[in-house]
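Novice: Take a look and give me a structure for this.
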Amino acid sequence: LKLYADQNTASIPFGALYVAAISPAAMVYQAQPQMVYLKDTKELGPFQSFYPEGYYLLESRPNGDWSETDLFGSSSDIIGYNDLLYDLRTKATVIVDQEWTLRSRLFDILIHDRDRHDDQWRWAGFEEDGMKVYRPVPRDRDWAFFKYGGAIPWVLGNVVDKKMKSFSANKIDVKSLATNANNFDRYFLNELSWPEWQKQIDILTSAMTDQVLIDGLNSLPPESVDYVESEIVEKLSSRRDILEREVKKYYDFITEQVEVTGTDEEDIFDITIHENGNTEIKVYRDSKKNGKVLRYHRILLPDETKEVRIYGLAGKDEFAVDVQGETDIQIRIIGGIGRDSIVFDNVQKDAKKIAVYDSPSGMDISDMDHIDDNRNTDLVTNEYDRLGFLYDTGLPWLNLGYVPDDGLVFGAGYRAIKHGWRKDPY
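Specialist: Numbering: from 1, shown residues only. Next up is the predicted model:
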């Protein structure tokens with residue numbers, strides 16, 4: 001508890017109020033925090049000792065129907081992330097607005113909010129063109145703008161655990177800042193190519209004008225305005241100006257390995273390897289009620305992507321592979337539970353083989369000559385782990401000792417861990 005209390009000193013006072021004030025300009029949703037004063041009361045029962053009299057930040061936790069308010073797009077259906085993940089796997093017409101999600105994540109990066117794991121989001125649903133579209137509602141902004149001081153925290157944030165780097169001007173280590181949200185980004189942003197990222201970056205940076213950043217100070221208690229202005233506004237302005245350059249590095253990182261998933265029902269995966277090496281993937285849900293519903297479409301470039309893994313998950317899935325040329329992208333197909341099939345068309349003689357994973361009886365293949373067959377009876381063969389990607393790590397170390405024969409001994413080294421797909425522990 002003492003260590004956690006020490007970390008709280010890295011938070012900017014009233015930072016959540018400031019974030020809520022500038023969020024509308026960024027065109028992202030935001031739970032609305034309020035400053036409240038709590039009197040000492042016995043009504044808290046056994047929790048009274050944990051909440052002494054004083055000021056607190058109270059934030060809404062939206063759920064269900066909010067259509068009678070002007071918050072969260074007046075959505076009538078706000079759910080948590082577990083419900084969303086379940087609906088994405090089981091319902092043909094449920095999708096996520098990935099562009100809206102990206103803009104929300106870009107805003108996180110701008111304000112240096114490192115703690116954006118799954119449970120930091122609610123999801124607002126809307127009926128659009130026969131689809132149920134969900135958009136993210138970020139909450140819990142206690143780590144926005146966090147800043148450490150002192151030598152030990154500097155070493156912690158710059159050497160040991162880089163996601164702990166302090167909020168600063170003119171530099172953004174997006175990869176480290178996104179450590180907690182890395183698997184979130186890989187799942188909910190997997191359909192967007194760089195031009196779509198650029199579009200959302202332009203929208204956000206154009207909206208976050210200096211005047212917007214200054215006007216956000218009006219949401220703060222007067223006593224805190226000068227301090228927050230000196231700590232936030234100029235730094236945000238400089239980060240806005242370098243956002244595209246720094247985010248491009250992160251885009252390149254998460255695009256090296258792309259994962260595409262189907263549902264627990266019958267899916268159709270159209271995979272086209274074009275003459276120029278680009279790999280186009282379309283995923284349809286084949287539903288009796290809704291017909292053939294397009295749920296995913298992206299063209300992967302070999303200059304950006306080294307490997308794509310396509311998971312059928314469950315149901316009777318069909319993988320239609322049209323090989324018009326050669327590609328340097330490694331394609332892996334993991335069939336999942338159910339009797340699946342792979343059908344090839346226009347196969348080039350020297351085309352790179354596609355790696356296939358399933359049970360021996362779980363996948364029918366039309367052309368074995370172009371398959372790297374990894375089918376086996378191991379239970380983990382069809383496993384899909386949404387949180388499976390881990391960062392490579394490295395840590396320098398020093399060794400200081402004393403040996404009677406040699407005297408003082410000094411040494412140094414470096415310990416590196418490089419993770420691979422389905423390499424346990426690495």
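Novice: Tell me which residues touch A169, please.
Specialist: Residues in contact with A169 (Cβ atoms under 8 Å, 6 or more residues apart in numbering) are 234-235, 238-239. All C-beta atoms are positioned from the backbone trio N, CA, C, and that covers glycine.
Novice: let's go with 6 Å and repeat that
Specialist: Listed by Cβ atoms under 6 Å, 6 or more residues apart in numbering, the contact set of A169 reads 235, 238.
Novice: What sits closest to N376 if chain neighbours are left out?
Specialist: P360 (7.0 Å; Cβ to Cβ, 6 or more residues apart in numbering).
Novice: surely that neighbour meets R375?
Specialist: Yes: at 5.0 Å, P360 counts as touching R375 under the criterion of Cβ atoms under 6 Å.
Novice: For those two, indicate the residue with more neighbours.
Specialist: Taking neighbours as other Cβ atoms under 10 Å, P360 and R375 compare with R375 leading, 17 against 10.
Novice: so that one sits in a helix?
Specialist: No: R375 sits outside any helix when classified using DSSP: H, G, I helix; E, B strand; the rest coil, being coil.
Novice: Low-confidence stretches in the stretch 301-426 of the chain?
Specialist: Applying pLDDT under 70 to the stretch 301-426 of the chain flags the ranges 349-350, 426.
Novice: mind running it again at 80?
Specialist: Low-confidence segments of the stretch 301-426 of the chain, defined by pLDDT under 80: 347-352, 395-400, 402-403, 405-407, 410, 424-426.
Novice: how about the residue nearest to the spatial centre of the chain, secondary structure?
Specialist: The residue lying closest to the centre of the chain (Cα atoms, centre = their mean) is D185, at 2.0 Å. At D185, secondary structure determined by three-state DSSP is helix.
Novice: can you list contacts of stretch 261-269?
Specialist: With contact meaning Cβ under 6 Å, 6+ apart, stretch 261-269 is reached by 89-90, 283-286, 310-319.
Novice: likewise stretch 370-385?
Specialist: Contacts of stretch 370-385 (Cβ under 6 Å, 6+ apart): 311, 336, 347, 351, 353, 355-358, 360, 365.
Novice: now swap in stretch 396-405 and tell me
Specialist: Contacts of stretch 396-405 (Cβ under 6 Å, 6+ apart): 408-414.
Novice: Kindly recompute the last result at 8 Å.
Specialist: 159, 408-415.
Novice: ok, now stretch 83-91?
Specialist: 79, 94-96, 123, 132, 134, 261, 263-265, 313, 386.
Novice: Mark which of those residues are buried, thanks.
Specialist: Buried residues within those, counting neighbours by 16 or more other Cβ atoms under 10 Å: 79, 94-96, 123, 134, 261, 263-265, 313.
Novice: my guess is A92 meets L294, correct?
Specialist: No: in this structure, A92 is not within contact of L294 by Cβ atoms under 8 Å, at 10.5 Å.
Novice: Have a look at those two and say which one is more surrounded.
Specialist: A92 (22 against 13).
Novice: Tell me if I am right that the more buried one is in a helix.
Specialist: No: per three-state DSSP, A92 lies outside any helix segment and is coil.
Novice: Now do the same contact list for the residue nearest to N376.
Specialist: P360 makes contact with 375-377, according to Cβ under 8 Å, 6+ apart.
Novice: Now with 10 Å, please.
Specialist: 373, 375-377, 381 (Cβ atoms under 10 Å, 6 or more residues apart in numbering).
Novice: what's the answer for E234, then?
Specialist: 169, 210, 213.
Novice: Mind putting those residues into CSV with pLDDT, distance to G15 and secondary structure?
Specialist: Converted to CSV, those look like this (pLDDT from 0 to 100; distance: Cβ to Cβ, whole Å; DSSP: H, G, I helix; E, B strand; the rest coil):
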residue, pLDDT, distance to G15, secondary structure
A169, 93, 16, coil
D210, 96, 19, helix
L213, 96, 13, helix
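Novice: taking the contacts of stretch 396-405 one by one, which sit in strands?
Specialist: Among the contacts of stretch 396-405, the ones falling in strands (DSSP state E) are 408-415.
Novice: tell me which residues in the helix or strand containing G125 are buried?
Specialist: Assigned by DSSP states H and E, G125 falls within strand 121-128. For strand 121-128, a neighbour-count test (16+ other Cβ under 10 Å) marks 121-126 as buried.
Novice: and the residue nearest to K162 when sequence neighbours are not counted, which of the three is it?
Specialist: Once flanking residues are discounted, K162 sits nearest to S176: 3.6 Å by Cβ to Cβ, 6+ apart. Classification of S176 using three-state DSSP returns helix.
Novice: Report how many residues lie close to S176.
Specialist: 17.
Novice: Please verify my assumption that it contacts V160.
Specialist: No: contact criterion Cβ atoms under 10 Å: S176 and V160 do not qualify, at 11.4 Å.
Novice: which residues touch stretch 418-426?
Specialist: The contact list for stretch 418-426 (Cβ under 10 Å, 6+ apart) reads 257, 259, 307, 309, 330, 332, 334, 357, 380-381, 383, 385, 388-394, 417.
Novice: What is the neighbour count of G80?
Specialist: If you count neighbours by other Cβ under 10 Å, G80 ends up with 15.
Novice: Could you find the closest non-adjacent residue to it?
Specialist: R122 (6.3 Å).
Novice: How much space separates the one you found from W143?
Specialist: According to Cβ to Cβ, to the nearest Å, R122 and W143 sit 17 Å apart.
Novice: E304 too?
Specialist: 30 Å.
Novice: just Q348 next, same as before
Specialist: Counting by Cβ to Cβ, the gap from Q348 to W143 is 50 Å.
Novice: Of the two, which one has the most company?
Specialist: Higher neighbour count among Q348 and W143: W143, with 23 against 13, using other Cβ under 10 Å.
Novice: can you pull the contacts of that one?
Specialist: So, once contact is read as Cβ under 10 Å, 6+ apart, W143 ends up touching 7, 10-12, 15-16, 108, 111-116, 120, 163, 167, 180.
Novice: one more time with 8 Å
Specialist: For W143, the contacting residues are 11, 113-115, by Cβ under 8 Å, 6+ apart.
Novice: tell me which element it is part of?
Specialist: Counting by DSSP H and E, W143 is part of no helix or strand.
Novice: From A181, how far out is it?
Specialist: The gap separating W143 from A181 is 12 Å, by Cβ to Cβ.
Novice: cool, and E59?
Specialist: From E59 to A181 the distance is 19 Å (Cβ to Cβ).
Novice: neighbour-wise, which of the two wins?
Specialist: In this comparison of E59 against A181, neighbours counted by other Cβ under 10 Å, the higher total goes to A181 at 23 against 17.
Novice: if I read this right, that one contacts D113, doesn't it?
Specialist: No: A181 lies out of contact with D113 (Cβ under 8 Å); the separation is 9.1 Å.
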